[in-house]
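Undergrad: Okay, structure incoming, though there's no sequence with it:
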């Protein structure tokens, strides 16, 4: 078998999928956790939680599969940006259903009756970022044919609050990116353009806020999973027994 | 079970391990292959091939394990920078042994008698980059205590040629990064500083040369593995059956 490194799974929408672009949070995590944990991109552009749940059920190892497959040590769940799209878009998920869906995602990994139950999987929820409706309206209006504004500032705020409600009920930590970015922009919607490229997706500065807020939560809530607390799975070259390398390079738990 | 995405495994030394830093080749591959193949960092700073082989034997799925574990669709092997260190460093591997080791690495995945035999695993070898001995000597000389120059321009060139020899014998493609970077620098050792940060490791410009050369080889030798030829494992959101999502989001071969 060859489960070499356990994993951090980033599960979300386009904001997660784009997390390996220049200086974004997935690539930064993968760099920080190199030789310790693999960082898996399970971002699904355009997906809401209704569509993402049956995907997650294929991504999480079943209890039976966990003996063979890399353990998911940390599951980062970042939805809401599409669930909060206003009707009549098919992406819209009503707020109470969205909150239920987030709680169901936690249940999948944390409840003993779930086929995906994994006591070693820690979970962090992330709230959707704020929407800059000025940028978003300009972006959609410039398309051919022009599209109407599909997300509202206050609605996305309600979905961010919904993630916090689900986190409190499910007793898992939450990274409130909505508030972190809102505060960074001085609570000024137009100033969000430093953190949002098109009113919705993150700029490198936006991903920096997200990365730092996520690592702060890891340090506070799951310090044993902070990259500085983990060791290399295979030893540093200075620890290799040069006269007889093989026994000295056996993999270890990170 | 949950083998969701097959993998590209990057197996090498510190130049591979650092491949997820700002704009480096691993992060760029992971971005290009998102939702298609996972890109696994199996870079081992300071390792030579003698020490890395017993690590690779733990990283490659055994024939028995391949039914459960992600398939390695592409194995990228990038060594030589440490094997070429001059004596008496323990990192030094004599050139003939280095060439044998590279061929043994190919054998591990490609020979039917190997426990790791995997007909679906394609292999690409990469040559070590050239050394800028001016930069390297300055870097080592500035340490406390100062260290003597440990790599020679011509010696590393011989190891680069050794990788090409191993590739020809083993009938696998090679990306000649040594020559690509040497040409980019106008065959001028001092001008290598644009591509090498310390005379040995790559700058973002050096990684750009490496990424583009690697993708060109993928396109020419294994076009079926080029990211533009692969489909998403889970469908685009516009292909989801919104009235009954579950059957429409079943995973597919990328």
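TA: Everything's here; your move. As the structure is a prediction and not an experimental result, all values here were calculated from the model. Residues are numbered from 1 along each chain as shown, chains lettered A, B, ... in the order given.
Undergrad: For the stretch 101-250 of chain A, which residues are neighbours of chain B?
TA: Residues of the stretch 101-250 of chain A lying close to chain B by C-beta under 8 Å from any C-beta of the partner chain are A:234, A:236-238, A:240, A:242, A:245-246, A:249-250. Heads up, the C-betas are built off the backbone N, CA and C, glycines and all.
Undergrad: Tell me the one among those nearest to residue A:56.
TA: Nearest to residue A:56, judged by C-beta to C-beta, of these is residue A:234 at 30.2 Å.
Undergrad: Count the residues that sit near that closest one.
TA: Neighbour count of residue A:234, defined by other C-beta atoms under 10 Å in any protein chain shown: 26.
Undergrad: What of the one 10 residues further on?
TA: As a burial measure, residue A:244 scores 8 neighbours (other C-beta under 10 Å).
Undergrad: same deal with residue A:75?
TA: 27.
Undergrad: before we move on, what SS does it have?
TA: Using DSSP: H, G, I helix; E, B strand; the rest coil, the secondary structure recorded for residue A:75 is strand.
Undergrad: wait, it sits on residue A:120?
TA: No. Residue A:75 lies out of contact with residue A:120 (C-beta atoms under 8 Å); the separation is 10.8 Å.
Undergrad: what's the closest non-adjacent residue to residue A:93?
TA: Closest residue to residue A:93 apart from its sequence neighbours, by C-beta to C-beta, 6 or more residues apart in numbering or on different chains: residue A:83 at 4.0 Å.
Undergrad: so that neighbour makes contact with residue A:90?
TA: No. If you go by C-beta under 8 Å, residue A:83 and residue A:90 don't touch, sitting 11.5 Å apart.
Undergrad: Pick out whichever of the two has more residues nearby.
TA: Comparing residue A:83 with residue A:90 by other C-beta under 10 Å, the one with more neighbours is residue A:83, at 28 against 18.
Undergrad: now residue A:31: how far from residue A:23?
TA: Per C-beta to C-beta, to the nearest Å, residue A:31 is found 10 Å from residue A:23.
Undergrad: Who has more neighbours out of these two?
TA: Ranked by neighbour count (other C-beta under 10 Å), residue A:31 and residue A:23 place residue A:31 first, with 20 against 16.
Undergrad: so who does the more buried one touch?
TA: Residues counted as contacts of residue A:31 (C-beta atoms under 8 Å, 6 or more residues apart in numbering or on different chains) are B:20-21, B:27.
Undergrad: among these, which are within reach of chain A?
TA: Okay, of those touching chain A (C-beta under 8 Å from any C-beta), that's B:20-21, B:27.
Undergrad: In helices only, show me those.
TA: Counting by DSSP state H, the part of these found in helices is residue B:27.
Undergrad: Can you add distance to residue B:143 and give the ones next to chain A among the contacts of residue A:31 back as JSON lines?
TA: Compiled in JSON lines, the ones next to chain A among the contacts of residue A:31 are given as follows (distance: C-beta to C-beta, whole Å):
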{"residue": "B:20", "distance to residue B:143": "26"}
{"residue": "B:21", "distance to residue B:143": "21"}
{"residue": "B:27", "distance to residue B:143": "29"}
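Undergrad: Give me the buried entries from the ones next to chain A among the contacts of residue A:31.
TA: With burial judged by 16 or more other C-beta atoms under 10 Å in any protein chain shown, the buried subset of the ones next to chain A among the contacts of residue A:31 is B:20-21, B:27.
Undergrad: Where does pLDDT dip in chain A?
TA: A:1-2 (pLDDT under 70).
Undergrad: in it, which spans are helices?
TA: A:14-17, A:25-32, A:49-59, A:95-110, A:133-141, A:153-170, A:177-184, A:204-221, A:245-248.
Undergrad: closest to residue B:59 out of those?
TA: Residue B:59 sits nearest to helix A:245-248 of all those, at 14.2 Å, using C-beta to C-beta.
Undergrad: Check the offset of the closest one from the chain's centre.
TA: From the chain centre to the centre of helix A:245-248 is a distance of 37 Å (C-alpha atoms, centre = their mean, to the nearest Å).
Undergrad: Check which residues of that helix are buried.
TA: For helix A:245-248, the neighbour count (16+ other C-beta under 10 Å) marks residue A:245 as buried.
Undergrad: I would like the residues contacting it, please.
TA: With C-beta under 8 Å, 6+ apart as the test, helix A:245-248 has contacts from A:235, A:239-241, B:50-51, B:54.
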